[in-house]
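# Sequence first, then the predicted structure, then my questions.
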Amino acid sequence: MKELGPAVKSVYLVPCGHVFADVAMKEIQEKICPECGAEFEQDNIVPLLATSEADIERLEKRIENLKSQGLTHTSKKDKSEKKKKHKGDDMEKEDKAANGAKEKKTEDARISGINNSFAASLTAKVLAEQDERNKRRKLVAESARRETARG
């Protein structure tokens with residue numbers, strides 16, 4: 001096969017992600033990846049850095065077809081609708097907060113994103129220690145202010 005480089009037109013196979021020279025893929029009549037053996041269709045050969053109008057039009061049609069089928073570039077289900085729903089939920093929460101319903105920030109909120117139970121418990125302990133240190137610092141600072149005000 002031909003070596004890839006800036007002077008060689010390269011193509012990308014969608015199912016497996018391997019990249020080959022365009023000339024090599026045209027010479028091979030099989031619809032199987034030479035590297036891993038994954039099957040692909042002619043439509044799943046995507047030119048890298050497409051410059052010709054024909055390639056650009058073909059890629060645009062491919063994306064339109066995939067979107068109409070509810071698929072992404074990699075032929076997987078498009079999840080963008082779910083993301084939009086989550087954004088809508090966030091907007092509702094922001095509206096509630098703006099209306100005066102303030103949400104308190106608790107330790108659970110600070111560690112809620114941690115999936116590992118050991119890491120979550122360790123984080124909770126560290127946060128508790130930090131809160132305790134902050135309380136002590138505030139008390140020391142307040143007592144120092146009182147003494148300077150008296151003196």
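Okay, I see it.
# Let me know the pLDDT of the closest residue to residue 14 other than its chain neighbours.
Leaving aside its sequence neighbours, residue 14 sits nearest to residue 44 (C-beta to C-beta, 6 or more residues apart in numbering; 4.0 Å). Any C-beta I mention is one placed from the backbone N, CA and C, and that applies to glycine too. Here the pLDDT value assigned to residue 44 is 79.
# Break the chain into its domains for me.
For the chain, automatic domain parsing gives the domain ranges 10-68, 105-151.
# Point out the most buried one among these.
Ranked by mean neighbour count, the domains of the chain are led by domain 10-68 with a mean of 13 (mean count of other C-beta atoms under 10 Å).
# quick revisit: quick one, which of the domains of the chain gets closest to residue 3.
domain 10-68 (7.8 Å; C-beta to C-beta).
# May I have the secondary structure class of residue 25?
Under DSSP: H, G, I helix; E, B strand; the rest coil, residue 25 falls in the helix class.
# wait, what's in contact with it?
11, 45 (C-beta atoms under 8 Å, 6 or more residues apart in numbering).
# Look up how far residue 31 lies from it.
Per C-beta to C-beta, to the nearest Å, residue 25 is found 10 Å from residue 31.
# same check, this time on residue 142
76 Å.
# Kindly report the same for residue 150.
88 Å.
# where along this structure do the strands fall?
Using DSSP state E, the strands of the chain run over 10-13, 19-21, 45-47.
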